[in-house]
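1. Prediction below, plus the sequence it came from.
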Amino acid sequence: MRAWWFVLLAACGSSGATDDDGPEDGQGDGPPSELVLPPVDGGLDYQLGGVYEPPAGVTIVSRDRTAAPAAGVYNICYVNGFQIQPDEEAFFMTAHPELILRDANDQPVIDVEWDEMLIDVSTAAKRTELAGVVGEWIAGCADAGFDAIEIDNLDSFSRSQGLLVENDAVAAMREMADAAHARALPIAQKNSAELVGRKAELGTDFVVAEECNEFDECQTYRDSYGDHVLVIEYNRTAFDAGCAAFPTLSIVLRDLDLVPVGSAGYVFDGC
């Protein structure tokens, strides 16, 4: 069984785990002392495609902000902070149309892989406006009893047709991190290994990394975040390699669509 333990987080009445180990090489600043990070080497499940009872041995679960936390485990609240999911398009078009990134023809810039519009974080005013929106979502996560925040698509600038730059993403992420810390919630750097060196600017406390074994990025995260790296792999070979190379990290194998247990194509394994 994995080595993990729970500590009561009085601020939100839910359970989390603490670990005082820093990065192996001493790099990076630790999280504020009141924050409770995910348990190191805890069993992980990634349930963004639909919720279900966590499998035996799972102690950390990531779920969408619209879902309820799982009982008895450390819960991470997934928030898409840099792109607009299809069911949120009407909200942004009506309430925050200026936050939709547009090209020279005034058309929304789309992440074609996920069919999501990108959010415009190119100015301080727009970043502050977005932080107000995401801040309300983060507050909702806290009120629901989640233990931490995961902000997705930090790397959207790389798909922005050159309209956004790295500095825009870092500045926007810092505002979201401040909002999470104000509610005593740690916040993850999601992917974007190229930004690890800017951890202090991002204000992030741990990592949620997809396919870091597949792309040989896990050690890059670990150099700055120690063992506070949660890994999702979608390829069995990369999963097996990661389990062998990083026995102290939380690593889960999931199907790409993250469908719930009982659905066709469901895949789950952990190490």
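-> Cool, got the structure.

2. Would you map the strands across the stretch 151-271 of the chain?
-> Assignment of strands within the stretch 151-271 of the chain using DSSP state E, counting those that start in this stretch yields the ranges 187-190, 206-210, 229-233, 250-254, 268-270.

3. hey, which of these is tucked in deepest?
-> strand 187-190 (a mean of 28; mean count of other Cβ atoms under 10 Å). Where C-beta positions appear, they are placed from N, C-alpha and C, glycine not excepted.

4. and the gap between the residue in the chain sticking out farthest from the centre and Gly57?
-> Summary for the chain: using Cα atoms, centre = their mean, the residue whose C-alpha lies farthest from the chain's mean C-alpha position is Asn105, with a distance of 32.2 Å. Going from Asn105 to Gly57 by Cβ to Cβ, to the nearest Å gives 51 Å.

5. For this protein, give me the ranges with low pLDDT.
-> 1-33 (pLDDT under 70).

6. quick one, helices of it?
-> For the chain, the helices defined by DSSP state H cover 89-95, 124-144, 166-182, 199-202, 218-225, 236-245.

7. Let me have the ones you listed in JSON lines, adding distance to Gly50 as columns.
-> Below are those laid out as JSON lines (distance: least, Cβ to Cβ, whole Å):
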{"stretch": "helix 89-95", "distance to Gly50": "21"}
{"stretch": "helix 124-144", "distance to Gly50": "17"}
{"stretch": "helix 166-182", "distance to Gly50": "25"}
{"stretch": "helix 199-202", "distance to Gly50": "30"}
{"stretch": "helix 218-225", "distance to Gly50": "27"}
{"stretch": "helix 236-245", "distance to Gly50": "21"}
